[in-house]
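A.B. asks: From the sequence below, what's the structure:
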Amino acid sequence: MERISTGIKDLDMMMENGYPSNHTILITGTTGSGKTILGLHYINQACRDGKKCFVIATEEDQEDLIAQSESFGMQLSEYFKDKRLGIDRVFDERTEYIKGIMAHHVADIDELQSDIIGLLDRIPKDTEIVLIDNIGVFTLNMSVNEFRAQFDTLIRGLAKKKLSSVIIMDSASNERMGGIAAYSVYGVIVTSIKDDPYTNKMGRTIRILKIRNTKIPIDPIGFDITSKGIVLIK
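C.D. replies: As a prediction, the model looks like this:
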């Protein structure tokens, strides 16, 4: 099976050289646990490998996303300039839409409809690699059944386009939806921040919960966030 690098060599080695290509991996975790950075490693490496990449960022604007990547030595601005990388301005559209609603004195913004399926139409035809961060923002007003239907359709659509995809979902949204997103995807990775009983300090971990047709470690993997991004603790 062809593999797509996670962008972290040590992590690749723990899952038979990376994520399975043409499939979708879900990354979920708490705030500050490294979800977005893990996604940026994936996109940065794919761009370096010459693949056409596309990021749908729902909680950050284009400039902030690029600035964050560059703080870890990932030169996404160069890939953006030479068209290897596209960044969808979903965040800007969402905020402008809410401003428009408020300007017309619509009181109940919570009634805004969420359109996960519509994300498929935003992906350019020549794209090979996709990162969606964070899909949880679309779930605030969804029932579990509606989310499952839309999410399944999104995953099938990505597969039909033969896209290698990573979708990030915050743990609060994932729990609110009953954790059902895990059943639709090819693999699940969980990032977390926990107390280390040996050092009495907080530590970050990655757990590879599942990747189909892949031998994976059972135990959580400790990591640090450094100036070079995520570094696994051996």
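A.B. asks: Quick one: end-to-end distance for stretch 187-204.
C.D. replies: When the termini of stretch 187-204 are compared using Cα to Cα, to the nearest Å, they are 20 Å apart.
A.B. asks: cool, and stretch 157-170?
C.D. replies: Stretch 157-170: ends 22 Å apart by Cα to Cα.
A.B. asks: got a list of contacts for that stretch?
C.D. replies: 4, 19, 21-31, 35-36, 39, 42, 46, 117, 120, 123, 127-136, 181, 185 (Cβ atoms under 8 Å, 6 or more residues apart in numbering). For glycine as for every other residue, the C-beta is placed from the backbone atoms N, C-alpha and C.
A.B. asks: Ramachandran coordinates for residue 214?
C.D. replies: Per-residue torsions, residue 214: phi -140, psi 140 (degrees, to the nearest 10).
A.B. asks: after the helix or strand bottoming out on mean pLDDT in the chain comes which helix or strand?
C.D. replies: When the helices and strands of the chain are compared on mean pLDDT, DSSP states H and E, helix 90-103 comes out lowest with a mean of 55. Next in sequence after helix 90-103, counting helices and strands by DSSP states H and E, comes strand 129-133.
A.B. asks: Which strands or helices does that following strand pack on?
C.D. replies: Identification of packing neighbours for strand 129-133 by 3 or more Cβ pairs under 8 Å, 6 or more residues apart in numbering; DSSP states H and E yields helix 35-48, strand 53-57, strand 164-170.
A.B. asks: can you pull the buried residues of the helix or strand that comes right after the last one?
C.D. replies: Along the chain past strand 164-170, the next helix or strand (assigned with DSSP H and E) turns out to be helix 171-176. Taking 16 or more other Cβ atoms under 10 Å as the neighbour-count basis, helix 171-176 is seen to contain the buried residues 171, 173-174.
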